[in-house]
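Novice: Show me the folded form of this:
(one chain, ligands or ions: 2)
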Amino acid sequence: MEATSSSWVLREGWGKGERKSNRRENDGEEYGEEGGKRREEQDGSTFMCDGCEKVSWSHPAPCTEVEAHRTRPKLCSMRPVFSSRKQSVLSSRELETQARAQEAAKPEPGPAEKCLDQNPVADSREEGEEDRRGDREKEGKEGISEESEGEEGESEKDRGVGPRRSVSKMRDKEKEKWKARRRERPGVGVEEEGERERERSRQCSRRVREWDRALAGQEELRRERETETVVWGVGAEGDMERQGSMRRTILTHMLMHSSSSSSSFNCSSAESDEVFSEGEEMATRRQTMRKSRSWKTFLTMMQWSVRRQSSWVQLAGHRGNFCLSEGGEVLKRFNAVENACLQALMSDPLRQFVPQYHGLASRGGESYIRLEDLLSGLSCPVIMDCKMGVRTYLEEELMKARLNPCLRNDMYQKMVKVDPMAPSAEEHAQGGVTKPRYMHWRDSVSSTSTLGFRIEGVTVEDGSVLRDFKKTRTFDQVTDVLLFFTKRQSHILEAYLSRLQALNEALKVSEFFQSHEIIGSSLLFVHDRSKANIWMIDFAKTIPMPPGICLKHNMPWVEGNREDGYLIGLASLILLVMEALRLTHAQDADLQPESQVVPHHGEATLDPGLLSAMSTDGFGALPSDSMAELSGNGPQLTPEPAQRASVVCQNSSPRK
Ligand SMILES: Nc1ncnc2c1ncn2[C@@H]1O[C@H](COP(=O)(O)OP(=O)(O)OP(=O)(O)O)[C@@H](O)[C@H]1O
Ligand SMILES: O=P(O)(O)O[C@@H]1[C@H](O)[C@H](O)[C@@H](OP(=O)(O)O)[C@H](OP(=O)(O)O)[C@H]1O
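Specialist: Ligands and ions are numbered 1, 2, ... in the order given. Down below sits the predicted model:
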């Protein structure tokens, strides 16, 4: 180490003995940014202001404005971590605005500060340095804690920071005092003490290695996302889920534990580390975390990771069909039928219920359809995918299967998993079933055949994905899922009801709807705490009818009539949401569930068109009292104008 001027000290590059944790701790934001990578590639030499401990990567002018450095506000905020993609953009803008305001309020910087301000690294490093200084000052006031001792001795040496005399002298004094006190304490021998220190040091090193591994993983993920060359293959969906769920677990931990401390950071970061190393004692982990003063490193790491991840999750459908894109878009593998539908829908009244179509894109030699990301702007979205219609296979699939019966072992396996008795003896012997056989069976064991839709999957706030709804069939079973999915929040249910009604109105005037057989299409329910919306997705099996032939969509299907039962599904959904609302209101009012329906949205009754959809054979599963309600005395549904934007819940405080 050599001094290059009276007030700036040259710090050597990351020497052999220097711990990586120190680098990360010191570097603050930079590891998440491109600049950080560049700097990492440099030799690592820095200049540190002796007075204010500010760091520069280039040789700066003499520093004169120590106080100005000290009073500079921190720009680091926790808020982006808790935001979804759109909101995090907003938050970063807010932060920028705040930073600019703070810059304006700051006294004119001296030459050295100007020099550092031109270097974006300096800010983040400065924050790190300031934070450490803050910590040291705190220690000076409160006495050196047990946890800080081992680390301080080591890190001072490793950093090679000699001339921070006043602070380190004070610390040394405190350390000595503390050691003396420890020595005096009965039952704590020197050997024992030494062993403890060695153990602490071992724990610390282990923790550092874990972070390195975790950080390397995050960095890898970031690169993959940014290049967008990776198309999710088999298994990738699972990875995505794990990442999403890991992140949410961490955030949940942060939130859960923040209330127990005035500083949510300290506590939460200690807790959140759990995802990286299972099986350690909580107390030991806390101690280790405090000791290595790692929370800042960890928090920074989380910020990069969350900032770069969208809340996107593929709930249902074929694996490998999607990849994420920049700017609130998802890319769905090109399918000519779906592409044609989306193009047509962009000029249909249904446009406001369909993700925006942005044309095509190419990735890794594959074509993709660019779609609006329907989860963009939602924080911790809760999602439900309902596959609409009374059947999920096309008539032409049936015909093909007849002409060329092809046994599918994968479908046989899926069938046996749900019900070992489902395949016939012959199918068991063959170890395979045809696709239409499987699809028909699948429709009949779920609510597809009876209610005109089925639940494919649900994600909840903590990121867990539930897909085991294959045997969710009856009205009551589906109502239970709805109550679980909405957590009985009446404002969410009301928003969904309103959106379903609006969709019903739009379908009436949609030319597209009348002229297409819609098979395997889903309604995607999405909400967070304050917004709820429903979207039509998946048109890969939506086939145009011959010119002049229109479908009714509320008739039972008989082979040849091509009816899909879409409106039967919609009617069921409306009924189910109403039922869920009724139960929610009943619970709110502390009434028995069998009490009268609590009216909502004024006086309401189900649309006669939908009622006729329900008077079909498929409705054996509907409770008779629900049908009675719908036939006149029940609630009057007042359709609201269709709206593209999210239905914003009026009542943001959830009812119990
Ligand atoms: N525009 C979108 N924005 C956000 N999420 C979407 C979007 N489109 C699809 N998804 C997600 O992807 C999942 C599957 O979508 P989709 O049904 O279009 O795929 P698929 O592979 O065609 O399905 P299937 O196998 O049923 O035909 C949905 O459940 C939803 O979670
Ligand atoms: O939900 P499950 O029980 O997993 O069954 C799948 C589901 O019915 C899909 O809709 C279907 O894709 P299509 O809608 O595109 O026909 C897929 O057929 P596939 O395996 O032939 O793709 C089935 O395996």
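
Novice: burial count for A180?
Specialist: Under the neighbour criterion other Cβ atoms under 10 Å, A180 is assigned a count of 10. For glycine as for every other residue, the C-beta is placed from the backbone atoms N, C-alpha and C.

Novice: Please state the mean pLDDT value computed over the one helix or strand it maps to.
Specialist: Secondary structure assignment for A180, by DSSP states H and E: helix 165-184. For helix 165-184, the mean per-residue pLDDT is 68.

Novice: same check, this time on stretch 555-571
Specialist: Stretch 555-571 comes out at a mean pLDDT of 96.

Novice: Equivalent analysis for stretch 348-361, please.
Specialist: 97.

Novice: What's the end-to-end length of it?
Specialist: End-to-end distance for stretch 348-361: 23 Å, by Cα to Cα, to the nearest Å.

Novice: Is Q514 in contact with C550, as I believe?
Specialist: Yes - in this structure Q514 lies within contact range of C550 using Cβ atoms under 8 Å: 4.4 Å.

Novice: Tell me the residue of the chain that sits nearest ligand 2?
Specialist: Nearest residue of the chain to ligand 2 (Cβ to the nearest ligand atom) works out as G520 at 4.3 Å.

Novice: which residues touch the closest residue to ligand 1 within the chain?
Specialist: The nearest approach of the chain to ligand 1 comes at G317, 2.5 Å away (Cβ to the nearest ligand atom). For G317, the contacting residues are D385, D538, by Cβ atoms under 8 Å, 6 or more residues apart in numbering.

Novice: do that again at 10 Å, thanks
Specialist: E237, K332, D385, K387, E456, G457, G520, S522, I537, D538, A540 (Cβ atoms under 10 Å, 6 or more residues apart in numbering).

Novice: That one belongs to a helix, doesn't it?
Specialist: No - looking at G317 with DSSP: H, G, I helix; E, B strand; the rest coil, it is coil, so not inside a helix.

Novice: Close to ligand 2: what parts of this structure are there?
Specialist: T392, K414, K435, M439, R442, G520, K541 (Cβ under 6 Å from any ligand atom).

Novice: Check these and tell me the two furthest apart.
Specialist: Based on Cβ to Cβ, the longest span within the residues of the chain next to ligand 2 runs between K414 and K541 and measures 18.9 Å.

Novice: Those two: who's more crowded?
Specialist: K541 (21 against 16).

Novice: Just read off the phi/psi values of the more buried one.
Specialist: For K541, the backbone dihedrals (degrees, to the nearest 10) come out as phi -120, psi 40.

Novice: Please report the distance of it from F484.
Specialist: In this view, K541 and F484 are 29 Å apart by Cβ to Cβ, to the nearest Å.

Novice: residues from this structure in reach of ligand 1?
Specialist: Counting by Cβ under 6 Å from any ligand atom, the residues of the chain lying close to ligand 1 are 314-318, 321-322, 330, 355, 371-375, 383, 385, 520, 522, 524, 537-538, 540.

Novice: Now restrict the residues you listed to buried residues only.
Specialist: Buried by 16 or more other Cβ atoms under 10 Å: 314-317, 321-322, 330, 355, 371-375, 383, 385, 520, 522, 524, 537-538, 540, out of those.

Novice: name the helices or strands packed onto the strand or helix carrying E505?
Specialist: Taking DSSP H and E as the definition, one finds E505 inside helix 490-508. Here helix 490-508 touches helix 475-486, helix 511-514, strand 522-527, strand 531-537, helix 566-588, helix 608-614, strand 647-648, going by 3 or more Cβ pairs under 10 Å, 6 or more residues apart in numbering; DSSP states H and E.

Novice: would you turn these into CSV with distance to S362?
Specialist: What follows is the helices and strands packed on helix 490-508, written out as CSV (distance: least, Cβ to Cβ, whole Å):
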stretch, distance to S362
helix 475-486, 36
helix 511-514, 27
strand 522-527, 26
strand 531-537, 22
helix 566-588, 33
helix 608-614, 42
strand 647-648, 35
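
Novice: Can you check which of those gets nearest to R171?
Specialist: With Cβ to Cβ as the yardstick, what comes closest out of the helices and strands packed on helix 490-508 is strand 531-537 (50.5 Å).

Novice: who does that closest one touch, helix- and strand-wise?
Specialist: helix 336-345, strand 382-388, helix 490-508, strand 522-527, strand 647-648.

Novice: hey, least reliable of the ones you listed by pLDDT?
Specialist: strand 647-648 has the lowest average pLDDT among the helices and strands packed on strand 531-537, namely a mean of 55.

Novice: All the helices of the stretch 351-500 of the chain, in order from the start?
Specialist: Assigned by DSSP state H, counting those that start in this stretch, the helices in the stretch 351-500 of the chain fall at 395-403, 409-418, 425-430, 435-445, 448-451, 475-486, 490-508.

Novice: Return the most buried member of these.
Specialist: helix 448-451 (a mean of 26; mean count of other Cβ atoms under 10 Å).

Novice: for the record, mean pLDDT for that one?
Specialist: If you average the pLDDT over helix 448-451, you get 98.

Novice: Check which helices and strands that helix sits against.
Specialist: Using 3+ Cβ pairs under 10 Å, 6+ apart: helix 448-451 touches strand 382-388, helix 435-445, helix 475-486, helix 566-588.

Novice: For that helix, list the C-alpha coordinates in PDB.
Specialist: Extracted in PDB, the C-alpha atoms of helix 448-451 (Å, rounded to 0.1, in the frame of the first residue of the first chain):
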ATOM      1  CA  THR A 448     -65.300 -29.600 -18.400                       C
ATOM      2  CA  SER A 449     -68.200 -31.800 -19.400                       C
ATOM      3  CA  THR A 450     -70.500 -30.600 -16.800                       C
ATOM      4  CA  LEU A 451     -69.700 -26.900 -16.000                       C
END
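
Novice: Identify the residues contacting it?
Specialist: With Cβ under 10 Å, 6+ apart as the criterion, helix 448-451 contacts 386-392, 439-440, 442-444, 454-455, 472-475, 477-478, 556-557, 565, 568-569, 571-573, 575-576, 614, 617-622.

Novice: Correct me if wrong: M388 contacts R454.
Specialist: Yes - shown here, M388 and R454 form a contact pair, counting by Cβ atoms under 10 Å, at 8.8 Å.

Novice: Quick check: neighbours shared by those two?
Specialist: Taking Cβ under 10 Å, 6+ apart as the contact rule, the neighbours common to M388 and R454 are T448, S522, G569.

Novice: Dump those residues to a markdown table, plus distance to D588.
Specialist: A markdown table is the format used below for the shared contacts of M388 and R454 (distance: Cβ to Cβ, whole Å):
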| residue | distance to D588 |
| --- | --- |
| T448 | 32 |
| S522 | 30 |
| G569 | 28 |
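
Novice: Closest one to A425 out of the residues you listed, please.
Specialist: Nearest member of the shared contacts of M388 and R454 to A425, counting by Cβ to Cβ, is T448, at 25.8 Å.

Novice: so who does the closest residue in space to L350 that isn't next to it in sequence touch?
Specialist: Spatial nearest neighbour of L350, excluding adjacent residues (Cβ to Cβ, 6 or more residues apart in numbering): S510 at 4.9 Å. Taking Cβ under 10 Å, 6+ apart, we find S510 in contact with L345, D348, P349, L350, R351, F353, L503, H516.
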